[in-house]
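Chemist: below are the sequence and a predicted model; questions follow.
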Amino acid sequence: MNLNKIFLILISIMCCAAVDGCDSNRVYEQNYEITNAVWNKDSVLVFKVDVKDSISEHNLIINIRNISTYTYSNLFMFVRVISPQGNMIKDTIECTLAEKSGKWLGSGTGGVYDFNRLYKSSVKFPVKGIYTFQLQHAMREDDLEDISDIGFRIEKINE
């Protein structure tokens, strides 16, 4: 990876850290840095969330950070949700990252773009406990280049 990519990734991480403390609706958020911005198809990102609120509604959001040299305008992902009882839900989702014109949809500067994709809205967790969320890219290549970070966020909906 060249120095420009490393610099862009570091700047975007610092900006996110500065904004991080101002978010009262966030219940959970974790982001994984993808090594060398190359996401292998066998790399499953795992997010374990201790859900303590089975009454409120929540939004489930996938965070994506891509570099402007990303080849595609979208990103397909497999999403698995495993409940505390072991029940599993599997989804395949598409995240549209750019308009047809090529303009990136996320916010960003310096060639790094942050995009938040609503996965599910108004979710009420049926029981309290540890929920496991797994994300895996579902593109047609083994190594997906220029995806630098993937994250998962749960936010409480204000009532």
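Modeler: Looks like it came in fine.

Chemist: how near is the closest residue to Met88 other than its chain neighbours to Asn36?
Modeler: Leaving aside its chain neighbours, Met88 sits nearest to Ile82 (5.0 Å; criterion: CB to CB, 6 or more residues apart in numbering). All C-beta spots, glycine's among them, are computed from the backbone N, C-alpha and C. Here the distance between Ile82 and Asn36 works out to 29 Å (CB to CB, to the nearest Å).

Chemist: higher neighbour count, those two?
Modeler: Taking neighbours as other CB atoms under 10 Å, Ile82 and Asn36 compare with Ile82 leading, 17 against 12.

Chemist: which residues touch the more buried one?
Modeler: 88, 131-134 (CB atoms under 8 Å, 6 or more residues apart in numbering).

Chemist: closest one to Tyr113 out of those, please.
Modeler: When these are compared for distance to Tyr113, the smallest value, 22.5 Å, is given by Phe133; criterion: CB to CB.

Chemist: the bottom helix or strand of the chain by mean pLDDT?
Modeler: When the helices and strands of the chain are scored by mean pLDDT, DSSP states H and E, helix 3-20 comes last with a mean of 52.

Chemist: helix or strand right after that one?
Modeler: The C-terminal neighbour of helix 3-20 among helices and strands, as given by DSSP states H and E, is strand 26-33.

Chemist: ok, that following strand: who's next to it in the sheet?
Modeler: Neighbouring strands of strand 26-33 in its sheet, by DSSP bridges, are strand 147-156 (antiparallel).
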